[in-house]
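# compute the structure for the input listed below.
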Amino acid sequence: MAKKIYDLSQKLGIDTQFWPFYPPFEAKYFKRKPEHGVNAQYIQTSNHIGTHLDAPHHFVTAGITVEKIPLEWLYGPGVIVDLRDALDDLDVYTPKMIEDRVEVREGDILVLNTGWHRFAPDGAEPDEERYILRHPGAHPDMVKWLLDKKIRLWCVDAVSTDHPMNLPIGRFLGKGTFGQCDKVRKICEQKFGGKEGVERLFPEDHYQLTHNALFRHNCIHAENLGGDDMDAPEIQNKRLTIGCFPWKFEGGEAAFCRMVAFLDR
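You can find the predicted model right below:
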């Protein structure tokens, strides 16, 4: 059966927002057509920019690297879950919110459309501060649910799978200078029941929770999904085929990737 193809990837270039404390994407020409008869470019960057796949080795020293990830984990049946109507700044998403919208089967590739890709530099409402500092993140219940569902690959259209309060963003970014972490914490305390509510939902030992708890079980993820097709109505809350195509990076802890959805015509 013929399939329609949807690109769920952000553009990657010098304007792409980069993870706090990580180096930006740099590109330059080292050969140009008039001088060398050819245009050729050189790039320097971290792996964690633009749409990318994280391998277990990102957080587990003995974990598998990108080139060793079985292709069966990266292509197959899955779902795109439309959470846009339920998420605002610094909200959390839960298994119930997902299962209320679409059937998720064991081993599915899971894509969460939080709506946050619209704030990326190539999105419809570019706002890199909101994109980086106030994105929604995983409720702690997501960890057990993903493992129970035997999900190998889950993906979000945000800069991280983890909530900002479980990241440098909400814990120490700008401490003593611009105070981004203090501003994030203030919003979260208003949203989640004060200081006690925040400490209950984001305890100290949940730092980078989904990264630390899931990679050791070979539950991997892709971040910074987006692109013009991400909000296509016909692929929301729908079962379809999903593919993640990183380059075969030997020893790689992460790699740029192209995320694609395939829908039967």
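# can I get stretch 25-41 as PDB, trimmed to CA atoms?
Extracted as PDB, the C-alpha positions of stretch 25-41 are listed here (Å, rounded to 0.1, in the frame of the first residue of the first chain):
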ATOM      1  CA  PHE A  25      26.400  24.600  15.700                       C
ATOM      2  CA  GLU A  26      29.100  26.100  13.600                       C
ATOM      3  CA  ALA A  27      29.500  25.800   9.800                       C
ATOM      4  CA  LYS A  28      31.800  27.400   7.300                       C
ATOM      5  CA  TYR A  29      33.000  26.900   3.700                       C
ATOM      6  CA  PHE A  30      36.600  25.700   3.300                       C
ATOM      7  CA  LYS A  31      36.300  25.400  -0.500                       C
ATOM      8  CA  ARG A  32      34.300  27.700  -2.800                       C
ATOM      9  CA  LYS A  33      33.400  27.100  -6.500                       C
ATOM     10  CA  PRO A  34      35.400  30.100  -8.000                       C
ATOM     11  CA  GLU A  35      38.600  29.200  -6.200                       C
ATOM     12  CA  HIS A  36      38.500  25.300  -6.000                       C
ATOM     13  CA  GLY A  37      35.900  24.400  -8.500                       C
ATOM     14  CA  VAL A  38      33.700  23.000  -5.700                       C
ATOM     15  CA  ASN A  39      31.700  24.100  -2.700                       C
ATOM     16  CA  ALA A  40      32.600  22.200   0.500                       C
ATOM     17  CA  GLN A  41      31.700  22.800   4.100                       C
END
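# tell me how far that stretch lies from the chain's centre.
Offset of stretch 25-41 from its chain centre (CA atoms, centre = their mean, to the nearest Å): 31 Å.
# which parts of the stretch 151-265 of the chain are helices?
Assigned by DSSP state H, counting those that start in this stretch, the stretch 151-265 of the chain shows helices spanning 168-171, 180-191, 194-201, 209-214.
# which other helices and strands contact the first one?
Using 3 or more CB pairs under 8 Å, 6 or more residues apart in numbering; DSSP states H and E as the contact criterion, the secondary-structure elements in contact with helix 168-171 are helix 180-191. (Glycine included, C-beta is placed from N, CA and C.)
# tilt between the helix it packs on and helix 194-201?
100 degrees (axes from the mean of the first three to the mean of the last three CA atoms, to 10 degrees).
# list the residues that contact Phe245.
Leu74, Cys257, Arg258, Met259, Val260 (CB atoms under 8 Å, 6 or more residues apart in numbering).
# how close does it get to Arg265?
21 Å (CB to CB, to the nearest Å).
# what do you get for Val60?
Taken as CB to CB, the span from Val60 to Arg265 is 41 Å.
# likewise Asn212?
Distance from Asn212 to Arg265, by CB to CB: 41 Å.
# who has more neighbours out of these two?
Taking other CB atoms under 10 Å, Asn212 and Arg265 do not tie; Asn212 has more neighbours (16 against 6).
# got a list of what that one touches?
Phe59.
# need the residue closest to the centroid of the protein.
Taking CA atoms, centre = their mean, the centroid of the chain lies closest to Glu223, which sits 1.8 Å from it.
# tell me the pLDDT at that residue?
According to the prediction, Glu223 has pLDDT 98.
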